[in-house]
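Visitor: From the sequence below, what's the structure:
(2 chains)
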Protein chains: 2
Amino acid sequence: MSDLPEHVTIREVALRDGLQIEDPIPLSAKLELLAAIAATGVREVEATAFVSPSKVPALADAPELAAHLGDYPDIEFSALVASPNGAKRAIAAGLRSVEYVVSAADAHSRANVGRSSAEATTQIADIVAIAHDSGVTVEVIIATAWDCPFDGPTPPQRVLDIVDAACEFGADRLAIADTIGTTTPGRVTALMNQVRPRIGNRPLGAHFHNTRGAGLASAYAAVAAGVTRLDSSVGGLGGCPFAPGASGNIATEDLVYLLRDSGIGVDVDLPAAISAAAVAKSVVGHDLPSALLRAGDRILN
Amino acid sequence: MSDLPEHVTIREVALRDGLQIEDPIPLSAKLELLAAIAATGVREVEATAFVSPSKVPALADAPELAAHLGDYPDIEFSALVASPNGAKRAIAAGLRSVEYVVSAADAHSRANVGRSSAEATTQIADIVAIAHDSGVTVEVIIATAWDCPFDGPTPPQRVLDIVDAACEFGADRLAIADTIGTTTPGRVTALMNQVRPRIGNRPLGAHFHNTRGAGLASAYAAVAAGVTRLDSSVGGLGGCPFAPGASGNIATEDLVYLLRDSGIGVDVDLPAAISAAAVAKSVVGHDLPSALLRAGDRILN
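Guide: Below you'll find the predicted structure:
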């Protein structure tokens, strides 16, 4: 717990990871949620994904949503892509930042994108070339970095090999993702301590799900181990398809509460994040797992 | 994160802190829950409280429940007390371990037990004398150690003064409690780093609520700062009266998952804890906030 950063960058992912397994909602509802998210002061927002509309119908309106992002010039918007073609579509739609996901586990990689982890790793070079030609930033997100729902625990060396390849191929930043919400602080510390020295000055992010209750504990452990970027979603929107009924992403407002109270600066205003969580709950039409949405801030009188 | 212990003692508190604000349930239901808890392998169980039956009707059957504890000779049972008279009643009922709670905040102390924090601190000496006369162990639990629902943030010096008094008066062990579920890892680390050097070889425990989602993160931070005893309740039973609808104690099964996966030994079997959480849900008749009760262990195939 010795080297906490003064500031952590929160990337709001409700519009992509949060919505992707929900029933599709209208573009107008997404714009309402986006406005509430923008009002939190957050500086980075994952807006959507440029992937197969048939695989992820909830995000099929990616180009239409992208057309509205210029309304928020102070926010860096990113989109997730799974292929060079997706990167081209994202850039054509105006995105200036793309995230390319590589699963460290073969079984998850094949289930998710129909190719092996090694094949997906090789494509980092193509994505970087396409993006950098247009001056677009590339973040490589390493999925199933601790566990795969099919292969079981992921050997850390698989993650480190992808980290090395991403750096060699010119990725601008990296993120390590606990895709199915199974990791815990001990394993987070161990892996981040191996990743951090390999990536030079590239910013390091992390992505956790709260499926087994350890998401915030893992996020704090990551920050203590050198991570300065965290993904979260207002309300904790974004259930895991492998654990029906379980929590999704760590909730932005819960993360803001924890970091701020622990003396770490964030760009996100807590009351505004709680308000945005209420909007998220409203647009999807069901309860969300956020703790702060129920309990509120700690100022009780 | 450098000095994690090899083992953490979990004290199961569902039967006391978990049930105290629930509608009273029959003794037979408590015994069913106790049997499920005993089957987890847990070595310490907070069984009940010897306090005013009119203030805590859910625990009015303390003597009757205590009469059954001899059925589990491998478990150290404890009971919470709030006065010398309560300690006498607990000992008369056969308890060999009592917890005496002192609120660090005056407003909470007055609301809870009708006297100031200083007056409650002075009574530690009486409780210890009564208990030690009968060879009974005394744990002093310092409540509202980080925040009070009425007074706001608790100055750490108030906690340290009670710690010093408890040691001087002969308490056998100490625990620091986040009574209303507001603290976070940064403040946990800071306070525990001040408490730990003052208490010699006395075991140090901590008690967290997950009301704002940070309970497990705080528990892990506490363990990293020298805490070797943690309270938790199966299912996360035990809502906070000051935050209606919010989560209660950290859930035993979520804590076991986190600690075990982080390489820290515990006495509690995870599948048995999940089963006990299901019993807890059944006996109180409503959903519980446990993550593992929904998502299950991480072995998915």
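Visitor: Let me know whether A:A166 touches A:T122 as I believe.
Guide: No: in this structure, A:A166 is not within contact of A:T122 by C-beta atoms under 8 Å, at 11.3 Å. Yep, even glycine has a C-beta here, placed from its N, CA and C like the rest.
Visitor: Those two - which one has more neighbours?
Guide: Legend: neighbour count by other C-beta atoms under 10 Å in any protein chain shown for A:A166 and A:T122, higher for A:A166 (27 against 14).
Visitor: Can you spell out which helices and strands pack onto the helix or strand containing A:V128?
Guide: Taking DSSP states H and E as the definition, one finds A:V128 inside helix A:117-133. Counting contacts by 3 or more C-beta pairs under 8 Å, 6 or more residues apart in numbering or on different chains; DSSP states H and E, helix A:117-133 packs against helix A:84-92, strand A:97-103, helix A:106-113, strand A:137-143, helix A:156-168.
Visitor: The fourth one vs helix A:156-168, what angle?
Guide: Which is strand A:137-143. Strand A:137-143 runs at 170 degrees relative to helix A:156-168, counting by axes from the mean of the first three to the mean of the last three C-alpha atoms, to 10 degrees.
Visitor: List of residues touching the very next helix or strand once past strand A:137-143?
Guide: Once strand A:137-143 ends, the next helix or strand along the chain (criterion: DSSP H and E) is strand A:147-148. With contact meaning C-beta atoms under 8 Å, 6 or more residues apart in numbering or on different chains, strand A:147-148 is reached by A:S103, A:A104, A:A105, A:A107, A:H108, A:P153, A:T154, A:D178, A:I180, A:T182, A:T183, B:R298.
Visitor: From these, keep the buried residues only.
Guide: Among these, those scoring as buried are A:S103, A:A104, A:A105, A:A107, A:H108, A:T154, A:D178, A:I180, A:T182, A:T183, B:R298 (criterion: 16 or more other C-beta atoms under 10 Å in any protein chain shown).
Visitor: Pull the contacting residues for the first one.
Guide: A:S103 makes contact with A:S109, A:N112, A:V113, A:S117, A:A120, A:I142, A:A143, A:T144, A:C148, A:T179, according to C-beta under 8 Å, 6+ apart.
Visitor: which of the residues you listed lies closest to B:N249?
Guide: Closest approach between the contacts of A:S103 and B:N249, by C-beta to C-beta: A:T179, at 28.8 Å.
Visitor: Tell me the spatial nearest neighbour of A:A14, not counting adjacent residues.
Guide: Nearest residue to A:A14, sequence neighbours excluded (C-beta to C-beta, 6 or more residues apart in numbering or on different chains): A:S233, at 3.9 Å.
Visitor: For chain B, give me its nearest residue in the stretch 51-200 of chain A.
Guide: A:G186 (2.7 Å; C-beta to the nearest C-beta).
Visitor: wait, which of the buried ones among the contacts of strand A:147-148 is closest to A:D23?
Guide: A:I180 (21.4 Å).
Visitor: Helix, strand, or coil at the closest one?
Guide: coil (DSSP: H, G, I helix; E, B strand; the rest coil).
Visitor: For the spatially most central residue of chain A, pull up the helix or strand it's in.
Guide: Centroid-nearest residue in chain A, with C-alpha atoms, centre = their mean: A:D231, separated by 4.2 Å. Here A:D231, judged by DSSP H and E, is contained in strand A:229-232.
Visitor: which residues does A:I75 contact?
Guide: With the criterion set at C-beta under 8 Å, 6+ apart, A:I75 makes contact with A:A38, A:V42, A:R43, A:E44, A:V45, A:L69.
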